[in-house]
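In: Give me a model of this one.
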Amino acid sequence: MKRLILLGIALTLAMGCTATLPVKVEVDPSYSLVGVKTVSIQTHCDEALIVEVEPAFKDGYCETLASNIKLAIKRKLRVTNTEIEPDLIVDIKLEEVRGGSSATRFLIGFGAGRSVTTVYVKILRNQQIIAEGRITETTTMPDILGGTYTNEGSILRDAPRVANKIADFVVNPKNEEQSVEP
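Out: All right, here's what the predicted structure looks like:
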């Protein structure tokens, strides 16, 4: 009986653990936002790996994430969004969304059952990539007070966090580059 209980706990922990894509950050040494007044933000979700959430979740989440990114970048950079001859292009590819296990997050915690959102960001100026990097956000705890127990709810709650990480990366990708060095 003890073996069955231990096996059940081990399986629950293993199911709850989620691998994340490797961090990658490259920044042009001459990276600068001096003179940037307009920005074009392009979000691509078509090829994203979406697992452990409802199939219809993808489109709504992509729209939510895109609007959060636009707000975060506008707030941090104080620029105007435009599609016509922008000074800067921020190209964001949603790579992966894993819902994790809401039950495991609630019962075990400590990172078990976490949800993961991963995006790949390219920053272009004058049609040249001046910075690019992978950004990951995870949720390890359920929002008990707010009543967010579902995988979809946890991921939606993380959209502003992902957007702020992207905006921080655009403002200063060198900070992100330093944070991933061993």
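
In: mind showing which ranges of this protein have poor pLDDT?
Out: Residues of the chain meeting the criterion pLDDT under 70: 4-23, 100-114, 140-149, 176-182.

In: was I right about residue 138 contacting residue 118?
Out: No - counting by C-beta atoms under 8 Å, residue 138 stays clear of residue 118, with 9.4 Å between them. In this view, the C-beta of every residue, glycine as well, is placed from N, C-alpha and C.

In: With neighbour numbers in mind, choose between the two.
Out: Taking neighbours as other C-beta atoms under 10 Å, residue 138 and residue 118 compare with residue 118 leading, 21 against 17.

In: Assess the claim that that one and residue 95 are in contact.
Out: Yes - judged on C-beta under 8 Å, residue 118 makes contact with residue 95 at a distance of 4.6 Å.

In: in the protein, which spans are helices?
Out: Assigned by DSSP state H, the helices in the chain fall at 2-16, 57-77, 102-107, 151-171, 173-179.

In: which parts of stretch 73-92 are buried?
Out: 73, 76-77, 79, 86-92 (16 or more other C-beta atoms under 10 Å).

In: For it, measure first residue to last.
Out: 12 Å (C-alpha to C-alpha, to the nearest Å).

In: Could you tell me how far that stretch lies from the centre of the chain?
Out: On the basis of C-alpha atoms, centre = their mean, to the nearest Å, stretch 73-92 sits 19 Å off its chain's mean C-alpha point.

In: who's in contact with it?
Out: Stretch 73-92 is contacted from outside by 33, 35-44, 69-70, 119-125, 163, 166-168, 170-171, using C-beta atoms under 8 Å, 6 or more residues apart in numbering.

In: Narrow those residues to those that are buried.
Out: Listed as buried from the contacts of stretch 73-92 are 33, 39-41, 43, 69-70, 119-125, 163, 166-168, 170; burial here means 16+ other C-beta under 10 Å.

In: Quick check: beta-bridge partners of residue 119?
Out: residue 94, residue 135 (DSSP bridges).

In: can you list contacts of stretch 160-172?
Out: With C-beta under 8 Å, 6+ apart as the test, stretch 160-172 has contacts from 33, 65, 68-69, 71-73, 75-77, 88, 90, 92, 117, 119, 121, 123, 131, 133, 135, 137, 175-176.

In: again, but for stretch 125-135
Out: With C-beta under 8 Å, 6+ apart as the test, stretch 125-135 has contacts from 21-28, 30-31, 36, 87-89, 95, 118-124, 162, 165-166, 169-170, 173, 176-177.
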